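# Sharing a sequence plus its predicted fold:
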Amino acid sequence: MRKLWPILLITTIFFVLFQSRYIFFFKYEPEYYEGLYYHSQWIYPSSTRGISDGELYKFVGYQLANGENPFNINFEIPPLGKYLYGLAEKYLGNPYWVSVLLFLLSTAVMFFLTKDLLKNESLSFLAALLFTTTPFVATQVSETMLDLPLMFFYLVQVFCFTKYLKKQNLKHLILAGIFLGLATGTKPGVFTPVVALFGFLMIGFLSRKAIHLFTYPISIFSGYILAFFCYFIKHPNPIPWLKLHQKSLEFYLLPENAIDHLHVWKSVFLNRYQGWWWNDRGTVGGASPVLPLGVLALFPVFYLAIKNKNFPILYLSAISLIFLIVNTFIPFFPRYLMTIVPLLIILTVFLFKKLPWLLAFFVLVNLPFLVSIFSPWPNGDAFALARFFSTRANHELYRSLTPGQRNQIPETDFIELNESFLEGLGVRKINAEVVDISRSGNKAEVKYQISLETKYGWVEHKPTLNFIKKKNQWRAEWQWSFLWPGFGPGSNLTIKEGSIPLAKIETTKGQTLAIKNPGKLVYVFPRVMFDWNKHLKLLSNITGETEKEVNERARRAVPDHRVRYIGYLNPAFDKEGIEKAYQVPGVELKETSYLTVLKEPELTAKLIGKLQKEKPELFYVRAEAFVENSQGQKYPILFKGVEQKETIIKVAPDYQPL
C-alpha cells in the first residue's frame with residue numbers, strides 16, 4: 001500500500017495538469033492586454049469591457065517586470081504575486097508556469113509539513129491527495145490570481161514556524177517571519193497583524209528569549225521589503241516607499257457597504273455566495289467536502305491541542321480560526337478561504353489519523369467534484385460570446401474563436417469586417433441571447449437570437465454556431481452568417497435609403513412647427529470621455545436626451561477607437577449651435593433624414609424628443625437592404641418597427657400630440 005500512495009498522488013497531479021493543458025499553449029500578448037486594461041472599468045467606470053482580477057494581474061505583472069512603479073498601477077494590491085506572473089510573461093511568454101510551479105511546490109510542502117507533524121508517511125500522502133483533489137486548489141493552476149501564491153507563502157510560513165515551535169531554532173523563526181512578510185506583500189495584509197501577534201505570544205510563552213522576540217517582527221518586515229523588490233531595483237530610497245503606502249491605506253479606509261457577518265459561514269456550510277457587486281446568489285464554485293469538514297474538525301482539534309500542549313497543531317488551528325474570524329468582518333469572497341484549505345486538511349487528517357480508511361473515503365468523495373469542474377459544458381463560453389457581440393467587444397469575440405480560425409483570419413480583418421456590417425446598418429443597440437445548447441461529446445451546437453436596432457429599424461434572425469472543445473477549452477467555429485445569411489469576405493451590403501416617415505408636425509390650426517429635412521446624428525468616441533460626468537452633461541445639452549439616457553447609450557459598447565451612437569442633434573440648433581456641438585471632445589456628426597424646427601424651437605424640440613420615445617417607428621429611416629455574396633446571391637434584410645407611410649402629426653394648442 002505504501003508504494004500505491006505516491007502513484008495515486010502523481011496520477012492526480014497529472015490529471016489536474018492534463019485537464020488544464022490549454023494553459024501550456026497560452027502566449028501573453030502585451031498589446032492586447034494594454035488595450036484591455038485601458039478600456040476597462042479601471043479607466044472607464046462600469047465599462048462593458050470589464051477585466052477580471054486574473055487578467056488584470058497578468059497586465060500589471062508584465063508592467064512591473066518591465067520597470068513600472070507598483071504604486072502607479074493597481075497600487076491597492078501589493079506587488080509580489082503580480083511580479084512573479086510578470087517575470088514569467090516577460091521571459092517565458094506564459095504566466096501559468098508560475099501557477100503550475102506554485103501548485104507543485106505547495107503539494108510538496110503540504111506533504112512534508114504533514115509528515116513532520118504526524119510522523120506517518122501514509123497519512124502525509126493522504127493529506128497531499130486530499131489537497132490535490134480539492135477543486136478549490138486544483139482550479140488555481142489555470143488562474144493567475146493571487147490566492148495561490150498567498151497560500152504557498154502562508155504554507156511555508158506555517159511549516160517553518162511549527163519547526164521553530166519544536167526546537168526553538170532561530171533559523172526557522174527567521175524564515176517563518178520572512179515568508180509571513182512575503183505573504184503580506186502578495187495580498188493586503190489584513191490577517192498579518194493577528195497572525196504575527198499570536199506567533200509573538202507563542203514565542204514569548206515557549207522561548208522568552210529577547211533575541212527571538214526581537215527577531216520575529218524584524219524578519220516579517222524584511223520579508224515585506226523583499227516583496228517590493230520590483231520597486232527597490234528602480235527606486236532604492238525607502239522614504240518615498242513608506243510615504244506611498246498612504247495611497248493604499250486611503251483606498252482601504254473608504255466606506256464599505258454593509259457586511260454580512262455570516263457570509264463566510266454560509267459559504268462554507270451552505271455552498272451559497274452573494275458578491276457585494278451583484279444581487280443574485282450563486283454557488284461558491286469548486287466546492288468540496290474539505291471546507292465544511294475541515295472547519296468542523298478545527299474546533300475539537302483546537303481543544304485537543306490545548307489539552308495536550310501540542311503547540312504545532314495549536315498553531316495550525318489558531319491560524320485557521322484567525323482567517324475565519326477576520327473574514328467575518330471584511331468584504332468576503334470564497335477564494336479568501338483558499339489560504340487555509342491545506343491547514344484544514346491537515347487538521348482533518350490529525351483528527352482521523354487512526355481511521356486512514358475514512359480519509360481515503362474523503363479523497364474518493366472529492367473526486368466527483370474534481371472531475372465535474374474539469375468537465376465544463378460550453379454554456380459559459382456560449383453566453384460570453386453573446387455578451388461580447390452585444391457590447392461589440394471585438395477583441396474578446398475574436399479570442400472566442402478556435403485557434404485554427406484565428407490563424408486563418410487576422411484579428412484586424414475580423415474586426416473590420418464585423419464592424420463594416422454593423423456600421424453599414426447604423427446599428428445602435430445589439431441584443432444577443434442564447435436560445436438553446438445541445439452537446440454531443442466534444443462538440444456543441446448553440447442557437448442564438450440576434451436583435452439589432454439600426455438606423456432603419458429592427459433586424460432579427462436566429463443564427464447557429466458550433467462550439468468545439470480542444471485542450472479542454474470550448475471555442476466557437478465562427479460563421480459570418482452569425483451577422484446575416486450570405487455575409488462574409490467578398491460580400492456586399494447594399495442599402496437604398498429613403499427618409500423618415502414623419503413628414504411634418506403641425507398644430508390643429510394648420511401652423512407648421514417642424515418639417516422633414518436633413519438632420520444630424522450624434523456619435524462619440526467613449527474612449528475620450530475622461531471626465532465622464534462632464535461629457536454626459538455636454539452630450540445631454542446637444543441632444544436633448546437626459547444624462548441617464550446618454551450614459552446608457554455610451555456604455556452599450558466597449559470604449560474603443562470607434563464612434564458610438566448617442567442620439568439626434570437638437571433640431572432647434574442653428575448654425576452656431578451646430579458649431580458648439582463640434583467642439584465637444586470626441587463628437588462626430590453624421591447626416592440623416594430628420595426634422596427642422598420652424599416655430600417655438602424649445603417647445604417643438606421637446607415635443608420631437610417625446611415623439612421619438614412614444615413613436616420610434618416614425619423616426620427610423622425607410623430603406624431597402626440586402627447582402628450579396630461572392631456568388632451573386634442576394635439575401636434581403638427586412639426591417640421591423642418602421643412606419644412605411646408618410647405621416648403628419650397634429651398637436652393641440654398645448655403642444656400635446658392628438
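It's in.

# most distant residue from the middle of the protein?
Residue farthest from the centre of the chain, counting by CA atoms, centre = their mean, is K509 at 59.0 Å.

# ok, L17 - how many residues close by?
Using other CB atoms under 10 Å, L17 has 17 other residues around it. C-beta: built from backbone N, CA, C; applies to glycine.

# Going by neighbour count, list what's buried in stretch 348-367.
For stretch 348-367, burial by neighbour count (16 or more other CB atoms under 10 Å) applies to T348, V349, F350, L351, F352, P356, L359, A360, F362, V363, N366.

# now swap in stretch 542-557 and tell me
Under the neighbour-count criterion of 16+ other CB under 10 Å, stretch 542-557 has I542, T543, G544, E545, E549, V550, N551, R553, A554, R555, R556, A557 buried.

# Pull the contacting residues for the closest residue to G567 other than its chain neighbours.
Nearest-residue entry for G567: T543, 3.8 Å, with adjacent residues in sequence omitted and distances by CB to CB, 6 or more residues apart in numbering. Contact analysis of T543 by CB atoms under 8 Å, 6 or more residues apart in numbering lists V522, V550, I566, G567, Y568, L569, N570.

# so which of these comes closest to P292?
Distances from P292 to the contacts of T543, taken as CB to CB, are shortest for V550 (48.8 Å).

# Skipping its backbone neighbours, what lies nearest that closest one in space?
Spatially, and ignoring its direct neighbours in sequence, V550 is nearest to L539 (4.7 Å; CB to CB, 6+ apart).

# What of F179?
Distance criterion CB to CB, 6+ apart; nearest residue to F179, sequence neighbours excluded, is Q157 at 3.9 Å.

# helices or strands up against the helix or strand where the one you found lies?
Element membership for Q157, per DSSP states H and E: helix 147-167. If you count contacts as 3 or more CB pairs under 8 Å, 6 or more residues apart in numbering; DSSP states H and E, helix 147-167 packs onto helix 80-92, helix 96-118, helix 170-184, helix 192-206, helix 311-328, helix 341-351.

# Throw those into TSV and include mean pLDDT and distance to S440, thanks.
What follows is the helices and strands packed on helix 147-167, written out as TSV (pLDDT from 0 to 100; distance: least, CB to CB, whole Å):
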stretch	mean pLDDT	distance to S440
helix 80-92	97	37
helix 96-118	97	30
helix 170-184	97	46
helix 192-206	94	51
helix 311-328	95	42
helix 341-351	96	36
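
# Which one, of those, ends up nearest to A605?
Closest of the helices and strands packed on helix 147-167 to A605 is helix 80-92, at 51.6 Å (criterion: CB to CB).

# could you give the angle of that closest one to helix 170-184?
Here helix 80-92 runs at an angle of 80 degrees relative to helix 170-184 (axes from the mean of the first three to the mean of the last three CA atoms, to 10 degrees).

# contacts for helix 80-92?
Contacts for helix 80-92 (CB under 8 Å, 6+ apart): 28, 57-58, 60-66, 70, 74, 94-98, 144, 146, 149-150, 182, 185-187, 227-230.

# and if we set it to 6 Å?
The set of residues external to helix 80-92 that reach it, using CB atoms under 6 Å, 6 or more residues apart in numbering, is 28, 57, 60-62, 64-65, 95, 97-98, 144, 146, 149, 185-186, 227, 230.

# Kindly export it (C-alpha atoms) in PDB.
Backbone C-alpha positions of helix 80-92 (Å, rounded to 0.1, in the frame of the first residue of the first chain) are rendered in PDB as follows:
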ATOM      1  CA  LEU A  80       4.900  40.300  -5.300                       C
ATOM      2  CA  GLY A  81       2.400  37.800  -6.800                       C
ATOM      3  CA  LYS A  82       1.800  40.000  -9.800                       C
ATOM      4  CA  TYR A  83       5.500  40.500 -10.300                       C
ATOM      5  CA  LEU A  84       6.100  36.700 -10.300                       C
ATOM      6  CA  TYR A  85       3.500  36.300 -13.100                       C
ATOM      7  CA  GLY A  86       5.000  39.300 -14.900                       C
ATOM      8  CA  LEU A  87       8.500  37.800 -14.900                       C
ATOM      9  CA  ALA A  88       7.100  34.500 -16.400                       C
ATOM     10  CA  GLU A  89       5.300  36.600 -19.100                       C
ATOM     11  CA  LYS A  90       8.500  38.600 -19.900                       C
ATOM     12  CA  TYR A  91      10.900  35.700 -20.100                       C
ATOM     13  CA  LEU A  92       8.700  32.700 -20.900                       C
END
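
# Just want the angle from it to helix 96-118.
Using the same axes, to 10 degrees: helix 80-92 against helix 96-118 is 130 degrees.

# buried sites along helix 80-92?
For helix 80-92, by 16+ other CB under 10 Å, it's L80, G81, K82, Y83, L84, Y85, G86, L87, A88, E89, K90.

# Which strand or helix spans V446?
Using DSSP H and E, V446 sits in strand 443-454.

# Show me what counts as buried in the host helix or strand of the residue nearest to V550.
If you go by DSSP H and E, L539 is part of helix 532-543. By neighbour count with 16+ other CB under 10 Å, helix 532-543 contains the buried residues H535, L536, L538, L539, S540, N541, I542, T543.

# can you check stretch 190-202 too?
Those would be F191, T192, V194, V195, A196, F198, G199, M202, for stretch 190-202 by 16+ other CB under 10 Å.

# And for stretch 152-172?
Buried, per 16+ other CB under 10 Å, within stretch 152-172: 152-165, 170, 172.

# what two of the residues you listed are the furthest from one another?
Every pair of the buried residues of stretch 152-172 checked by CB to CB; the farthest is F152 and L170, at 23.4 Å.

# picking that back up, pLDDT on the helix or strand just after the helix holding L539, on average?
Going down the chain from helix 532-543, the next helix or strand is helix 547-554, by DSSP H and E. Average pLDDT, helix 547-554: 90.
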